[in-house]
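Novice: how would this look folded up:
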Amino acid sequence: MATIFTRIIQGEIPSHRVHEDEHTCAFLDINPARPGHTLVVPRQEAPTVFDLDPAAYDALWRAVRRVAGRLQRATACERVVVVVYGADVPHAHVHLIPLEAGGHLAFPEPQSAVPEELAAMAERIRAADRPAYDERSALVVVDVQHDFADPSGSLYVKRAEEILVPINAEIARATAAGATVVYTQDWHPAATPHFARDGGVWPVHCVGGTPGAEFHPALHIADGALFTRKGTGGEDGYSAFSVRHPVGGEVSSTGLDEALREQGVDRVVLVGLATDYCVKETGLDAVRLGFEAAVVTAAVRAVDLQPGDGERALRDLAEHGVEMR
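Specialist: Have a look, this model is predicted:
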């Protein structure tokens, strides 16, 4: 049954609207705590803001910021208070309440706590982290192919064969927890500006349909997995989520983003090759697209065209909010 907020958004119940977009609707609270008290509500029905899918979650907070700016200008208030409470209606929503200079909202009465109590609570919160894998997670196994992972490959990543055992262990953990497993492959045409002989940077590698493009034979392939091939049209295919034309620079989607959202995935865990290229770009794209992201550092290896490229890539990922495991 639709919530009262959905009925308001659909126009079944009248409201005083102040903002609408594809993902959200904002309207005045009929019992305002202060004049101008506004509710910002996602169109997606979810019990709390943390149950929204990544796109709806991001859109909600973009709308909150925009409406708060309007509200502050309209009321000339000192600041707009953001409250996420949600006890009355089981549909995620955010309260925006303008406060005049010196104004305040009632807050629960503070209680003193001794350092030992604070330390114990901090430890409980740290220990309550989300499991490594669950049904809303995806393990993305990046480019574990012959040309990269075998010493005889045309673009062999040094010590790549060492990560096959930890990658297979991650695949086993992910499948046991009901997570989605994704395998990516470089899958280039025989001639492409991506290759040095055609004006690019790299030696010929992972040409579609050749042994070099196949998965390493020691890699376990999970039942029901998703597969994404990159660079099939001659693009630079570093990220699992997007490819870029090596000359014009146009960026297009691989479709993985949409496929994962259809399965309810909101977090990706990355393993594979190579840390400083495809793993890095996949992680940055994941964050940009609103996914939580993590890298299993024992299950990646770097090209290191310049010494330290791999370590720099991991630092860059961490600075963008990717968890290191």
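Novice: ok, which stretches of the stretch 51-200 of the chain are strands?
Specialist: 79-83, 94-99, 137-142, 180-186 (DSSP state E, counting those that start in this stretch).
Novice: confirm that Cys25 sits in a strand.
Specialist: Yes: Cys25 forms part of a strand when assessed by DSSP: H, G, I helix; E, B strand; the rest coil.
Novice: domain map for the chain?
Specialist: Segmentation of the chain into domains, based on automatic domain parsing, reads 4-99, 137-324.
Novice: picking that back up, please identify the most buried of the strands of the stretch 51-200 of the chain.
Specialist: Counting by mean count of other C-beta atoms under 10 Å, strand 137-142 has the highest mean neighbour count of the strands of the stretch 51-200 of the chain, with a mean of 28. Backbone N, C-alpha and C define where each C-beta goes, glycine included.
Novice: residues in contact with the longest helix along the chain?
Specialist: Identified as the longest helix of the chain according to DSSP state H is helix 54-75. Helix 54-75 has contacts (C-beta atoms under 8 Å, 6 or more residues apart in numbering) with 18-19, 21-24, 26, 35-36, 38, 40, 42-44, 46, 49-50, 52, 77, 79-80, 82, 92, 94, 96, 98, 261, 266, 289-291.
Novice: next, Arg7: secondary structure please.
Specialist: Going by three-state DSSP: Arg7 is helix.
Novice: roughly how far does the closest residue to it other than its chain neighbours sit from Phe27?
Specialist: With sequence-adjacent residues excluded and distances taken as C-beta to C-beta, 6 or more residues apart in numbering, Arg7 is closest to Ile13, at 4.9 Å. The gap separating Ile13 from Phe27 is 10 Å, by C-beta to C-beta, to the nearest Å.
Novice: what about the two, which has more around it?
Specialist: Phe27 (20 against 12; other C-beta atoms under 10 Å).
Novice: now the residue nearest to the more buried one when sequence neighbours are not counted: how far from Val83?
Specialist: Spatially, and ignoring its direct neighbours in sequence, Phe27 is nearest to Ser15 (4.0 Å; C-beta to C-beta, 6+ apart). Separation of Ser15 from Val83 (C-beta to C-beta) stands at 19 Å.
Novice: what's near enough to touch Cys206?
Specialist: The neighbourhood of Cys206, defined by C-beta under 8 Å, 6+ apart, consists of 143, 145, 147-148, 155, 185-188, 212-213, 231.
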